[in-house]
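Enquirer: Predicted model and sequence below, questions to follow.
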Amino acid sequence: MQTRTYTLILLALLFFSGCGNQLYQQQFYVFGTLVGVSIWGVPSSQASKAVNAIAVDFQTMHHNWHAWNPSPLTDLNQTIAAGQTWTITDKSLLPLLKKAKSFYNKSDGLFNPAIGQLINLWGFHNDGLESDNQEPPSSAKIAELVALKPGMNDIEIEKEHILSHNKAVQLDFGAFAKGYAIDLTIEKLRQYGIQNAIINAGGNLKVIGKKGNKPWLIGIRHPSGTGVLAAITVSGEESIITSGNYERYREYQGVRYSHIIDPRNGMPAPGLSSVTVIDRSGALADAASTALTVAGLRDWQRIARQMGIKYVMLVDSAGTVYVNPAMAARVEFLSSNPPKMVVVP
């Protein structure tokens with residue numbers, strides 16, 4: 001492989017080569033992860049002002065969309081559980097609800113933010129990121145919640161009011177909130193006159209512009225949780241989102257249970273270690289990475305087409321990489337011993 005100087009973005013830690021004084025970087029902790037912002041080509045005072053503004057926005061979104069700490073979203077969920085109509089108190093929830101309904105239908109329900117009760121049952125409504133040796137829930141309790149069939153089409157939006165025809169609906173936007181948040185953040189940066197930047201919210205990444213006269217080069221984390229699997233060149237505006245079973249999980253008696261739940265059976269989605277999706281929209285890429293993880297190797301192509309996704313890379317539990325032709329043309333493996341890659345038409 002030809003020797004190159006790489007700019008790799010691993011989770012929220014940013015590594016840059018040869019940036020001089022043109023690069024401004026800042027990090028802050030929100031959404032249960034480290035958010036890194038890198039801005040190229042503007043005075044540091046301008047960059048600092050912009051980052052301070054988006055840090056406030058992130059904190060507001062984190063509060064308003066929180067699925068288990070007191071928030072407008074928990075207020076909505078409590079109202080749904082009581083069978084009542086919720087009067088909108090936070091309008092930032094409306095775009096999330098509308099996008100969630102759209103992605104739910106395009107994914108045949110494999111992306112389903114209405115299964116908050118199942119997510120909570122598996123122990124993922126807490127701030128811990130990894131194993132706590134918690135015993136999995138009983139199959140009977142899982143089956144009980146699955147039988148209630150909560151879905152986004154149970155939600156009805158009428159001007160200033162929201163209601164659900166199913167009391168079992170409990171909304172949890174964790175599967176795409178960070179993707180939507182980075183979309184909003186890029187919009188805010190542009191309001192501050194910034195045209196070249198990267199936002200990295202715990203591996204949910206969005207890029208605009210370039211790094212000087214060069215494209216950004218993004219490193220995709222290895223599903224083992226350490227190191228870099230591959231690199232992708234990006235310029236213009238694109239989001240690169242990876243969902244993996246190494247991010248949040250429960251482990252019990254040597255078995256790892258992923259935080260990505262299949263709404264059809266209430267079980268953690270098996271088979272895939274990570275799914276990477278590229279799209280202009282961070283919200284869509286984030287939702288699609290979840291839906292494709294649930295779809296698995298048998299059905300990911302159909303779901304990707306329905307959701308309008310052009311670039312997909314999947315890694316199975318054996319380490320084999322599956323890509324569609326468009327992604328195959330962009331991805332570059334960094335190891336001298338690259339993984340087996342299957343190009344799926």
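Expert: Happy to help now that I have it.
Enquirer: list the contacts for residue 195?
Expert: 41, 208-209 (C-beta atoms under 8 Å, 6 or more residues apart in numbering). The C-beta positions use only the backbone N, C-alpha and C, and glycine is treated the same way.
Enquirer: Could you tell me which of those residues are located in helices?
Expert: Counting by DSSP state H, no part of the contacts of residue 195 is found in helices.
Enquirer: which residues touch residue 83?
Expert: Residue 83 neighbours (C-beta under 8 Å, 6+ apart): residue 167.
Enquirer: That one looks like it's in a helix, true?
Expert: No: under DSSP: H, G, I helix; E, B strand; the rest coil, residue 83 sits outside any helix and is assigned coil.
Enquirer: can you map out the strands along the stretch 51-200 of the chain?
Expert: Per DSSP state E, counting those that start in this stretch, the stretch 51-200 of the chain carries strands over the ranges 86-87, 155-158, 161-164, 197-201.
Enquirer: Let me see the mean pLDDT of the last one.
Expert: For strand 197-201, the mean pLDDT works out to 95.
Enquirer: so where's the stretch 1-150 of the chain shaky on pLDDT?
Expert: For the stretch 1-150 of the chain, applying pLDDT under 70 flags the ranges 1-21, 128-132.
Enquirer: Quick test: name the residue nearest the centre of the chain.
Expert: Ranked by distance to the mean C-alpha position of the chain (C-alpha atoms, centre = their mean), the top residue is residue 286 at 3.8 Å.
Enquirer: quick one: it and residue 181 touch, right?
Expert: No: counting by C-beta atoms under 8 Å, residue 181 is not a contact partner of residue 286; they are 9.3 Å apart.
Enquirer: Helices along the stretch 151-300 of the chain, start to end?
Expert: In the stretch 151-300 of the chain, the segments counted as helices under DSSP state H, counting those that start in this stretch are 177-191, 282-307.
Enquirer: out of these, which comes closest to residue 139?
Expert: When the helices of the stretch 151-300 of the chain are compared by C-beta to C-beta, helix 282-307 sits nearest residue 139, at 18.8 Å.
Enquirer: which strands and helices sit next to the closest one?
Expert: Here helix 282-307 touches helix 93-106, helix 177-191, strand 204-209, strand 236-244, strand 272-279, strand 311-316, going by 3 or more C-beta pairs under 8 Å, 6 or more residues apart in numbering; DSSP states H and E.
Enquirer: quick one on the thing from earlier: show me what contacts the residue nearest to the centre of the chain?
Expert: With C-beta under 8 Å, 6+ apart, residue 286 has these contacts: 175-180, 204, 239, 241, 243, 277.
Enquirer: just residue 60 next, same as before
Expert: Contacts of residue 60 (C-beta under 8 Å, 6+ apart): residue 92.
Enquirer: can we see that at 7 Å?
Expert: Residue 60 makes contact with no residue, according to C-beta atoms under 7 Å, 6 or more residues apart in numbering.
Enquirer: How about residue 189?
Expert: Neighbouring residues of residue 189 by C-beta under 7 Å, 6+ apart: 50, 54, 197.
Enquirer: try residue 159
Expert: Residue 159 neighbours (C-beta under 7 Å, 6+ apart): none.
Enquirer: What's the separation between it and residue 319?
Expert: Residue 159 is 51 Å from residue 319, where distance means C-beta to C-beta, to the nearest Å.
Enquirer: and if you look at residue 115?
Expert: Distance from residue 115 to residue 319, by C-beta to C-beta: 29 Å.
Enquirer: And those two? Which one has more around it.
Expert: With neighbours defined as other C-beta atoms under 10 Å, residue 115 and residue 319 compare such that residue 115 has more, 27 against 13.
Enquirer: these two touch, right, that one and residue 151?
Expert: No: look at residue 115 against residue 151 with C-beta atoms under 7 Å: they stay out of range, at 8.5 Å.
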